[in-house]
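Trainee: this is a predicted model, with the sequence first.
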Amino acid sequence: MKSRRRIFGIWAAYLAPVSVSVGSVEGKPIDIAVSDFLILLIPAILLLAKPLPKRFGFSILFLSYFPILAIVGSMSSGGSYANILSGASFFAPMLHLLIGGALVSRFGFSFFRPAPYALLLIVLCLLISDLVFGSFPRGCGVEGRWGGCFFRFDVYGFVNSSSAYLAIMSAVFSAAYLIAKTRLQKVSFLTGLAMVAFIVPMSLSRSATLAICIVLVFFLYAYNWKVALLGTLVLLGSFSTILSYLQNTLIGKGLASRIEAGIQRGDIASGRFDIWTETTELISKAPLLGYKFGYFSEHSMFGTAHNQFLEISFKAGLVGFLIYFGFIGFILIRAREIFILHRLPWPFRRAIMGAVVALFVTAVTQPIMNYSVMGNIIFLLSGAVLAVSVRIRGETNTPRPFQRRH
C-alpha cells in the first residue's frame, strides 16, 4: 500500500504543471517545475533500486554532448552564464532517464498503473480551478483562457505549452480506458478524456486543439479505422460550419476569432512561416554545432523558433539534432519491440501512437519537448523503456505488463 502511494505521489509530481520561481540570470527568469526537483532524488533512488545496466551510463554519456557544447559556447562568448543556463535546462530532463530506469527496476510494470489516476486528479484540479476562480464562461488563466491556473498558482510555462502538454498526455486516458477491467475505471478515464477535450480548445491554443483532435482520432482508430476515417472526414467537412457556429457563441468566440483572423490575412500560422525562414537562415550560418545554446532572442527579434526541430538545430546544430532525435527514435523502436513481445492489444498500441503523433505534430509549431514538464516525462518514460528492454533481453520469463503475478 505504501509503495502504491509513493508511486502515485511520484506521478502526481511529474504530471503537475506547477513551478517555483527561483530568480533570474542575465534578465532571464528561472522557473523550476515540481518534477525538476525530483532530480535530487536520483542518488537515493539509485541506491534503493537494482543497479542499472551500462546502457544507461552510455546513454547519459551520449547525451552529455549538450552540456559540453553549452560550456564551449559560454567560453567562446566571454564566460556568459546564459549558454550554460540554456544548456543545463535542455540537458536536465535527460537525467530523468535514470529515475525511470530505477523505478521500473524497483517496481516493475506496476510503476505505470497509478499514472492515469494521477493525471485524472491533475485535470480535475485544473477544471475546478477554472470553475471556481474564473468568471464562467471564461477560465482563470491569462485572457480568461481555460487550463491556465492550478488553484491560485499560474500553470507553468506558456499557455500553448501547458495546453499542448495536456492534450498529448490525454492519450493516457484513452489507452487506460481500452485496457480497463471495470466499469468505474472506464467511466473515470473517459471522463478525464472528455475534460481535456473541453479544456484544451478553451485555452485558445490552435496547436493544442489539433493535438487533442489527433488523440481523439487515434482513440476512434483503436476501435476501427473506418470509424476513425469517418470521424476525420466529418470533422474536416464541417469545419467551416463549426467555425461559424463558434463565432456566434460566447464560449468559443476567442478560438474561432483567432482562426478566422489567420485565414483572412492568409497567415494561419501567425507569423511562424517568417520565423522559420529566418531561423533556417541563421542555422545555415552555423550548421554543424549551431549557436552553442545562445539565446534565440540574441540573434532575432523573435523570442523562439516556434519549432522543436529548428530550435534544436539552432541551439546544437546538425550534430545535436541527430543525437537528440536519434535517441528518441531508438527509444520508439525499443518500445515497439516491447509492445510486440508482450502482445499488448492493438487498441492500446494505437492509443499510445496517438500521443506520439500528437507530440511530433505539435513540435512543428512549438518547442514542446523543451517544456520542462513534457521533457521530464519523455525521458522518464525513455528510461522505463530502456529498463524493460534490458529486462526482456536478459530474462525469458518476464511477466506481461498487465499480467498479474501468481
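Mentor: It's in.

Trainee: please name the nearest non-neighbouring residue to G100.
Mentor: Counting by CB to CB, 6 or more residues apart in numbering, G100 lies nearest to G383, which is 2.7 Å off, once chain neighbours are set aside. No exception for glycine: its C-beta is placed from N, CA and C like everyone else's.

Trainee: show me which positions of the helix or strand in which that neighbour is found end up buried.
Mentor: Secondary-structure assignment from DSSP states H and E places G383 in helix 372-394. For helix 372-394, the neighbour count (16 or more other CB atoms under 10 Å) marks 372-391 as buried.

Trainee: which stretches in the stretch 51-200 of the chain count as helices?
Mentor: For the stretch 51-200 of the chain, the helices defined by DSSP state H, counting those that start in this stretch cover 54-63, 65-76, 81-91, 96-107, 115-133, 159-169, 171-179, 183-202.

Trainee: tell me which of those helices sits most buried.
Mentor: Highest mean neighbour count of the helices of the stretch 51-200 of the chain: helix 159-169, a mean of 27 (counted as mean count of other CB atoms under 10 Å).

Trainee: any idea of the angle the helix holding G383 forms with helix 54-63?
Mentor: Using axes from the mean of the first three to the mean of the last three CA atoms, to 10 degrees, the interaxial angle of helix 372-394 with respect to helix 54-63 works out to 140 degrees.

Trainee: show me what helix 372-394 is packed up against.
Mentor: helix 2-15, strand 28-33, helix 54-63, helix 96-107, helix 159-169, helix 308-341 (3 or more CB pairs under 8 Å, 6 or more residues apart in numbering; DSSP states H and E).

Trainee: the residue lying closest to V388 once chain neighbours are set aside: neighbour count?
Mentor: Take V388 and drop its neighbours on the chain: the residue closest to it by CB to CB, 6+ apart is I338, 5.4 Å away. The number of residues packed near I338 is 18, by other CB atoms under 10 Å.

Trainee: which residues touch I338?
Mentor: Counting by CB atoms under 8 Å, 6 or more residues apart in numbering, I338 touches 344, 385, 388-389, 392.

Trainee: what distance do you get for the closest residue to I71 other than its chain neighbours to Q308?
Mentor: Once flanking residues are discounted, I71 sits nearest to I84: 6.4 Å by CB to CB, 6+ apart. To Q308, I84 is 22 Å away according to CB to CB, to the nearest Å.

Trainee: for F151, same thing?
Mentor: Spatial separation of F151 from Q308 under the definition CB to CB is 30 Å.

Trainee: was I right about L381 contacting G100?
Mentor: Yes: applying CB atoms under 8 Å, one finds L381 in contact with G100, separated by 6.1 Å.

Trainee: returning to that earlier point: in contact with the residue nearest to I71, which residues are there?
Mentor: I84 makes contact with 67, 70-71, 74, 293, according to CB under 8 Å, 6+ apart.
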